[in-house]
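Novice: Got a sequence here, can you model it:
(chains A and B)
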Amino acid sequence: MSQRHLLALFSNFDEAEQVIKELRNTSIKGFDVNNDLVVKSPIEHPEVEEMLGDKPVYVQWFTLFGALMGGLLGFFLISGAQANFYAQIKGGKPIVPFPPNFVLTYEMFILGGVFISILGFLICAGLPAKRSPLYSSKVSEDQIGILVKADDAAISTLKNIFTKHEALEIQEEAGK
Amino acid sequence: MKDINEDIAWAKINKDVLKSLESPRKLYWVILAVAIAMISVAVGCEVYQYNIGMGVSNLNNPHVWGLYIATFIFWIGMSHSGTLLSAILHLMHADWRKPIYRFAEAMTTFSLMTAGLFVMVHLGRLWQFYYSLPYPNDRGLWPNFQSPLLWDAMAIFTYLSSSILFLFVGMIPDLAICRDNMHDGWRKKLYTWLSLGWEGTDRQWRNFRITYLTIACFLIPLAVSVHSIVASDFAMSQQPGWHVTSFPPYFVAGALYSGCAAIITLFIILRYTFKFEEYMTLSILKKTVRLTFAIAMIWTYLNAIEFASVWYGHDQPSKDVLIQKATGPYAPFWWGMIFCGSVVPLILAFKRFQTNIPVLLVTSLLLNLGMWLERWMIVAPTFSHGYYPWTWDHNQWPSWVQWGIVFGSFGWFTLLFMVFCKVFPSVSMYEVKEMVYHRSRAAKKLEASGLQAKGAH
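Specialist: Numbering: from 1, shown residues only, chains lettered A, B, ... in the order given. Reported below is the predicted structural model:
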């Protein structure tokens, strides 16, 4: 069965919360609330996100990887360069001195952490992204959008729920 | 006095901030023209120095570091308060920072860019700048990784690139707002490209929140390390007056101090120029002023510690430099630094002046003058009165070329900053909405609990 998108706009988070609650409690054939529902909002709203269920964030793993790799790369790059001095007389001083090398290792640790965190953010947030099938600029202003994807058969039920909760506007993707 | 009006409509926030991108007050264009004129002076001086040689700057033994390095430290220091406002206060959930942190972050980025120029100008041989990059020469020898100067280059590169990324990531939701509201043209294309297709989905916000927090956590130790490393350029040398253990925290405090003073100046200018009276409120200004006062007192204390450790130490040459600063040819500037850095901020302790805009504008400029003098008084007197009496030279004065380039750097910073504020939203729209949303909810809750309590009675 073909699937279509619906976008409903609400004037506040309370209404949006009610809609999500109802969608979670109602079993609608052809619509999976965990995978087919996206909330779009002008500000971040952890409470609404909580209602959508447990959706883990993996950016911090990128951060850990980036920071460790940055630190290791920094340390081994410096140590490798200093190892060239094997050929030279160092007057009893260490060939790879740890305390001063720590400074650059630390800087590279942070550099790697920041750069790879951004990369992780882009990957995990799906950016850069193409415009989704339905979008309203009101979402970046003051309205909360609920975008759902459902089988044709479920569309009317979803529309009814949105209308019941006083959706300001309902956009519907044209049938294929 | 409220930080912000909680009843302000979200659509109005968008409208007001977007308007700032189009129609600033006339003062904006005046500032831009003055900035360009100042840059022209610096460009003229630099071209002259480039063609004739470093001799024209009057940087000669024993004065091998002069205004260029002093101003380099000044600009690096200036950058720190952007991090303080955006990262430290973000972690502390101080939501009053929200309307003003964006321009503070931009200040960080542009002051770092300005500082970077001074390294090049100081080198003199611009075409050989690449010598300082970490790569081996023909004999397979690498730069000295144990030198604070190399640490400096790496730390500043890390800080600059991380600050740009932090500024950019924090701006993505606002760029999407700009994209959605601009008419077709170069601006629309720019915002569409930079907003990366942001739509404010729950997935995007979830990842955004963690990323922003993570980078904020990285930026705080990074900012501290950057200025500690700049302090190490001095403290790890054996020069009298520089070999002081307290230099790194002293530098960091000085950095935060000058940055906070600059935030007050820019706050006042932006508030008027872009008509941000409703967002950059006097209550927020008051909080910034109090923060600046606290940092001013920390700096004063650390200054006293530095003097005391030199005075009561057994290093006679360092003591001689200190006496030389207070009584020699640099005395007017040294005492000027003490006056501007430690006496003038006492004005900020008075409630009636904490929201007095003309007084604050003059005070913040004086504070930054004091902080610039501080950097000069760190660099120059030590060179004039080193360990060996035959190197003493108390009367070498920076040439007009040095002064011209330093003067122009303020125009360069101003130009970059003002252009940024005209092209990108200098007030974070989504964060102001968050601030309004959470505050109005808290107020409603308070009201409801008050009514309940009344009912119980």
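
Novice: Have a look at chain A and report its longest helix.
Specialist: Longest among the helix segments of chain A by residue count, using DSSP state H, is helix A:98-125.

Novice: ok, is that helix in contact with chain B or not?
Specialist: Yes: Helix A:98-125 is in contact with chain B by C-beta under 8 Å from any C-beta of the partner chain, via A:100-101, A:103-104, A:106-108, A:110-111, A:113-115, A:117-118, A:120-122, A:124-125. In this view, the C-beta of every residue, glycine as well, is placed from N, C-alpha and C.

Novice: Quick check: which element contains A:G145?
Specialist: Using DSSP states H and E, A:G145 maps to strand A:144-151.

Novice: B:I69 now?
Specialist: Counting by DSSP H and E, the element that carries B:I69 is helix B:67-78.

Novice: Kindly export that helix (C-alpha atoms) in PDB.
Specialist: Provided in PDB are the C-alpha atoms of helix B:67-78 (Å, rounded to 0.1, in the frame of the first residue of the first chain):
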ATOM      1  CA  LEU B  67      53.300  46.900  20.400                       C
ATOM      2  CA  TYR B  68      52.700  44.100  17.900                       C
ATOM      3  CA  ILE B  69      53.100  41.400  20.500                       C
ATOM      4  CA  ALA B  70      51.400  43.500  23.200                       C
ATOM      5  CA  THR B  71      48.400  44.000  20.900                       C
ATOM      6  CA  PHE B  72      48.500  40.300  19.900                       C
ATOM      7  CA  ILE B  73      48.000  39.300  23.600                       C
ATOM      8  CA  PHE B  74      45.300  42.000  23.900                       C
ATOM      9  CA  TRP B  75      43.300  40.500  21.100                       C
ATOM     10  CA  ILE B  76      43.800  36.900  22.200                       C
ATOM     11  CA  GLY B  77      42.600  38.000  25.700                       C
ATOM     12  CA  MET B  78      39.500  39.800  24.200                       C
END
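
Novice: Can you get me the centre-to-centre distance for that helix and its chain?
Specialist: With C-alpha atoms, centre = their mean, to the nearest Å as the basis, helix B:67-78 stands 10 Å off its chain's centre.

Novice: show me where the stretch 301-450 of chain B has helices.
Specialist: In the stretch 301-450 of chain B, the segments counted as helices under DSSP state H, counting those that start in this stretch are B:316-327, B:331-338, B:357-384, B:400-423, B:429-456.

Novice: Comparing those helices by mean pLDDT, which bottoms out?
Specialist: Note on the helices of the stretch 301-450 of chain B: helix B:429-456 shows the lowest mean pLDDT, a mean of 82.

Novice: can it be found next to chain A?
Specialist: Yes: judged by C-beta under 8 Å from any C-beta, helix B:429-456 comes into contact with chain A at B:430, B:433-434, B:437.

Novice: How many residues are close by B:T273?
Specialist: Look at B:T273: counted by other C-beta atoms under 10 Å in any protein chain shown, it has 22 neighbours.

Novice: Spatially central residue in chain A, please.
Specialist: By C-alpha atoms, centre = their mean, chain A has its centre lying nearest to A:A125, at 3.0 Å.

Novice: what sits against it?
Specialist: By C-beta atoms under 8 Å, 6 or more residues apart in numbering or on different chains, A:A125 lies in contact with B:203-204, B:207-208.

Novice: what about 10 Å?
Specialist: Shown in contact with A:A125 (C-beta atoms under 10 Å, 6 or more residues apart in numbering or on different chains): A:57, A:59, B:172, B:196-198, B:201, B:203-208, B:210-211.

Novice: can you check A:G112 too?
Specialist: Shown in contact with A:G112 (C-beta under 10 Å, 6+ apart): A:63, A:65-74, B:158, B:218.

Novice: Likewise for B:R187?
Specialist: Applying C-beta under 10 Å, 6+ apart, one finds that B:R187 lies in contact with B:21-22, B:178-179, B:181, B:423.

Novice: what do you get if the cut-off is 8 Å, keeping everything else the same?
Specialist: Residues in contact with B:R187 (C-beta under 8 Å, 6+ apart) are B:21, B:178, B:423.

Novice: What's the local residue count around residue 166?
Specialist: Went with chain A since none was named. Per other C-beta under 10 Å, the neighbour tally for A:E166 reads 12.

Novice: Hmm, no, I was thinking of chain B.
Specialist: By other C-beta under 10 Å, 26 other residues sit near B:F166.

Novice: can I assume it is in contact with B:S86?
Specialist: Yes: B:F166 is within contact range of B:S86, at 7.0 Å (criterion: C-beta atoms under 8 Å).

Novice: Mind listing the shared neighbours of the two?
Specialist: With C-beta under 8 Å, 6+ apart as the test, B:F166 and B:S86 both reach B:105, B:216, B:219.

Novice: Buried by neighbour count, from the residues you listed: which ones?
Specialist: The neighbour-count criterion (16 or more other C-beta atoms under 10 Å in any protein chain shown) marks B:105, B:216, B:219 among these as buried.

Novice: ok, the nearest residue to the last one once chain neighbours are set aside - contacts?
Specialist: Think B:L219. Spatial nearest neighbour of B:L219, excluding adjacent residues (C-beta to C-beta, 6 or more residues apart in numbering or on different chains): B:A87 at 4.5 Å. Going by C-beta under 8 Å, 6+ apart, B:A87 touches B:166, B:215-217, B:219-220, B:223.

Novice: any idea how far the host helix or strand of B:L291 is from the chain center?
Specialist: Counting by DSSP H and E, the element that carries B:L291 is helix B:282-311. Taking C-alpha atoms, centre = their mean, one finds the center of helix B:282-311 at 16 Å from the center of the full chain.

Novice: Could you list the low-pLDDT ranges of chain A?
Specialist: A:1, A:85-90, A:175-176 (pLDDT under 70).

Novice: at 80 instead, please
Specialist: Low-confidence segments of chain A, defined by pLDDT under 80: A:1, A:33, A:46-54, A:83-93, A:131-133, A:173-176.

Novice: Sheet partners, orientation included, of the strand holding A:G145?
Specialist: Paired neighbours of strand A:144-151 in the sheet (DSSP bridges): strand A:3-10 (antiparallel), strand A:37-40 (antiparallel).

Novice: Need the winner for burial among these.
Specialist: strand A:37-40 (a mean of 23; mean count of other C-beta atoms under 10 Å in any protein chain shown).

Novice: Without its sequence neighbours, what residue ends up closest to B:D152?
Specialist: B:I229 (5.4 Å).

Novice: now the angle from the helix or strand harbouring that neighbour to helix A:98-125?
Specialist: Secondary structure assignment for B:I229, by DSSP H and E: helix B:202-235. Counting by axes from the mean of the first three to the mean of the last three C-alpha atoms, to 10 degrees, helix B:202-235 lies at 160 degrees to helix A:98-125.

Novice: buried stuff in stretch B:35-53?
Specialist: Buried residues in stretch B:35-53, counted by 16+ other C-beta under 10 Å: B:35, B:38-39, B:41-42, B:45-46, B:48-49.

Novice: so who does residue 154 touch?
Specialist: Assuming you mean chain A. Contacts of A:A154 (C-beta under 8 Å, 6+ apart): A:28-31.

Novice: Switch to chain B, please.
Specialist: Applying C-beta under 8 Å, 6+ apart to B:M154 gives the contacts A:104, A:107-108, B:134.

Novice: From the residues you listed, keep the buried residues only.
Specialist: For the contacts of B:M154, a burial check counting by 16+ other C-beta under 10 Å picks out A:104, A:107-108.

Novice: what are the ranges of the helices in the stretch 1-150 of chain B?
Specialist: B:10-20, B:26-52, B:67-78, B:80-83, B:89-91, B:101-123, B:148-181.

Novice: Closest one to chain A out of the buried ones among the shared contacts of B:F166 and B:S86, please.
Specialist: Using C-beta to the nearest C-beta, B:L219 is the member of these that sits closest to chain A, with 7.9 Å.

Novice: right, and the closest one touches B:T83 too?
Specialist: Yes: contact criterion C-beta under 8 Å: B:L219 and B:T83 qualify, at 5.1 Å.
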